[in-house]
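Enquirer: Fold the following, please.
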Amino acid sequence: MEELKTHFLRTVEWKENKVIMIDQTKLPSSLEYVAYTDYNDVANAIKTLVVRGAPAIGVSGAFGMALAALQSSSKTKEDLLSDLEKAKKILFETRPTAVNLSWALEQIMQIAKQSETVSEIRNDVIVKARQMAEEDININKKMGKNGAVLFQDNDTIMTHCNAGALATVAYGTALGVIRATNESGKNIKVIATETRPIQQGSRLTAFELKHDGIDVSLIPDTAVGYTMANDLVNGVVVGADRVLHTGHVFNKIGTYQVATMAKQHNIPFYVAAPLSTFDLKSRPEDVIIEQRKSSEVTGIGDKKTAPDGIDVINPAFDMTPPELISGIITENGVVKPPFDESIKKLFEAKK
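Expert: As a prediction, the model looks like this:
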């Protein structure tokens, strides 16, 4: 397998009017890239987890819109905008819980509407999408620095799912915090949960950290309580797919359990999320939790692990309430409880 330096890993990028992605379904056994020229293929890649992680999905959606602009044969601005609206709908429906996707698609539509001619729209949309990719890396590095101060030398940090370079354009959110802590000279260890049923922790997080030379141990999801009860964990940091103005966090299924266990054992539980992941309008009950296919749970690869015809509940995400969260790390600082006040101040300061 090709040697990989995750500091320079680009999960998704734009090259010669194509969208190039790492196929994350092939990791960790092989590092393979795919290239797309059709936005429908990008939509399918998001849906089938070729690309995953809220920030990476957002940028992939923006690049998908750029492909849609190039694919369209429209001769007028109105017709091209109509084609882009259609592409936006198809791309959005791939992963409705991740707010970065709708945020990115809206940004691209705004740019398209502001442009005058068909050729300007095509150019401006590509420029904006590429700019969003670069911004993602800078934002992650700022978040990493803000989060690094929360952890001490010789800490062992637990993380759930994959919020690393592979969940973003590069560097990562939760793993960006871990990387920045490590880069600041602190000696840290990481415990990664396997994150069933897609194994993002064992396939991706463990893979990334091992290649970065960061000490990482893998545990089954069922061992979270054991490791905390035996004083093996000093802090937890996870990513997020959506953060509400109330401080409710939607993230990979199992996050709520990790947060509950952390509270029980007085272990600080942090969320790392860029401002683009915040949804200031929705209430907790408004958020659609994506339900995924039962075959993810009834087997591993081609091997069956459950009886035929069994009913399966397979939500992709869960909600962690604000009372379980010690702080939310953003590119503009760390917000602490009460979150409805601190998040409001964060966005007021941003204006």
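Enquirer: my hunch is that N123 is in a helix, does that hold up?
Expert: Yes - secondary structure of N123 (DSSP: H, G, I helix; E, B strand; the rest coil): part of a helix.
Enquirer: Endpoint to endpoint, stretch 149-162 covers what distance?
Expert: Stretch 149-162 has an end-to-end distance of 21 Å (criterion: CA to CA, to the nearest Å).
Enquirer: Quick one: mean pLDDT over that stretch.
Expert: Averaging pLDDT along stretch 149-162 yields 98.
Enquirer: Same check on stretch 190-197?
Expert: For stretch 190-197, the mean per-residue pLDDT is 97.
Enquirer: Show me how far that stretch is from its chain's centre.
Expert: In terms of CA atoms, centre = their mean, to the nearest Å, the gap separating the centre of stretch 190-197 from the centre of its chain is 15 Å.
Enquirer: would you list every one of the strands in the stretch 201-350 of the chain?
Expert: 215-219, 235-238, 242-244, 249-252, 269-272, 278-279, 299-300, 303-304, 317-320, 327-330, 333-335 (DSSP state E, counting those that start in this stretch).
Enquirer: Using CSV, lay out the ones you listed together with distance to Q114, mean pLDDT and mean neighbour count.
Expert: C-beta: built from backbone N, CA, C; applies to glycine. As requested, the strands of the stretch 201-350 of the chain are exported to CSV (distance: least, CB to CB, whole Å; pLDDT from 0 to 100; neighbours: other CB atoms under 10 Å):
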stretch, distance to Q114, mean pLDDT, mean neighbour count
strand 215-219, 45, 98, 16
strand 235-238, 36, 98, 26
strand 242-244, 27, 97, 25
strand 249-252, 31, 98, 28
strand 269-272, 32, 98, 26
strand 278-279, 24, 96, 21
strand 299-300, 48, 92, 12
strand 303-304, 52, 95, 8
strand 317-320, 33, 98, 20
strand 327-330, 27, 98, 25
strand 333-335, 31, 98, 19
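Enquirer: got TSV for these, with distance to S115 too?
Expert: What follows is those, written out as TSV (distance: least, CB to CB, whole Å):
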stretch	distance to S115
strand 215-219	46
strand 235-238	38
strand 242-244	29
strand 249-252	33
strand 269-272	34
strand 278-279	27
strand 299-300	48
strand 303-304	51
strand 317-320	35
strand 327-330	30
strand 333-335	34
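Enquirer: The ones you listed: which one's closest to E134?
Expert: Closest to E134 of these is strand 327-330 (CB to CB; 18.3 Å).
Enquirer: helices or strands next to the closest one in the packing?
Expert: helix 118-148, strand 269-272, strand 333-335, helix 339-350 (3 or more CB pairs under 8 Å, 6 or more residues apart in numbering; DSSP states H and E).
Enquirer: In its sheet, which strands sit next to the shortest one, and in what direction?
Expert: Strand 333-335 has the following sheet partners, assigned by DSSP bridges: strand 327-330 (antiparallel).
Enquirer: and for the strand it pairs with, what are the contacting residues?
Expert: Residues from elsewhere that reach strand 327-330, judged by CB atoms under 8 Å, 6 or more residues apart in numbering: 143, 146-147, 150, 177, 237, 240, 243, 247, 249, 268, 270-275, 334-336, 339, 343, 346.
Enquirer: residues touching the residue sitting furthest away from the middle of the chain, list them.
Expert: No residue in the chain sits farther from the centre than K75, which is 36.3 Å out by CA atoms, centre = their mean. Contact analysis of K75 by CB under 8 Å, 6+ apart lists V118.
Enquirer: So which residues of the chain form helices?
Expert: For the chain, the helices defined by DSSP state H occupy 39-47, 54-71, 77-92, 99-114, 118-148, 174-183, 200, 206-211, 224-229, 255-264, 295-298, 339-350.
Enquirer: Compare those and give me the one nearest L27.
Expert: helix 206-211 (6.0 Å).
Enquirer: quick check: mean pLDDT across that closest one?
Expert: 92.
Enquirer: on contacts alone, who are the packing partners of it?
Expert: For helix 206-211, the packing partners by 3+ CB pairs under 8 Å, 6+ apart are helix 174-183, strand 189-193, strand 215-219.
Enquirer: What's the mean pLDDT across the longest one?
Expert: Just to be clear, that refers to helix 174-183. Computed over helix 174-183, the average pLDDT equals 96.
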